[in-house]
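**Q** What shape does this take:
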Amino acid sequence: MKRTTIFINEETEQEIKLIAKQKQKSVAEVIREAINEYISKYKKAKKYPFIGLGSSNRSDISETHEEELWER
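**A** Next comes the predicted model:
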């Protein structure tokens with residue numbers, strides 16, 4: 001494991017300490033878990049960046065997409 005230094009505001013520090021106490025874990029462990037979760041979500045979002053890009057404001061488009069394509 002590698003040691004690093006971060007700067008956080010006092011409110012964030014207090015929240016992290018509270019979470020650590022509730023979970024009976026060290027502050028460092030809570031921060032590592034949070035960073036790992038963030039990285040995991042980032043990788044998943046990056047894996048399929050095109051999902052959710054299209055928006056038609058129509059709820060029936062999955063049923064009528066063939067007709068829509070042929071009309072154009």
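**Q** Any regions of the protein where pLDDT drops low?
**A** Applying pLDDT under 70 to the chain flags residues 52, 55-56, 65, 72.
**Q** From the contact counts, what lies against the lengthiest helix in the chain?
**A** Assignment by DSSP state H gives helix 27-47 as the longest helix of the chain. Judged by 3 or more Cβ pairs under 8 Å, 6 or more residues apart in numbering; DSSP states H and E, the packing partners of helix 27-47 are helix 10-23. For every residue, glycine as well, the C-beta is placed using N, CA and C.
**Q** which other residues reach the helix it packs on?
**A** Helix 10-23 is contacted from outside by Ile8, Ser26, Val27, Glu29, Val30, Ile31, using Cβ atoms under 8 Å, 6 or more residues apart in numbering.
**Q** Could you count how many residues lie near the third one?
**A** So that's Val27. By the criterion of other Cβ atoms under 10 Å, Val27 has 13 neighbours.
**Q** again with the one 5 residues further on
**A** Other residues within reach of Arg32 by the criterion other Cβ under 10 Å amount to 13.
**Q** Many thanks, have a good one.
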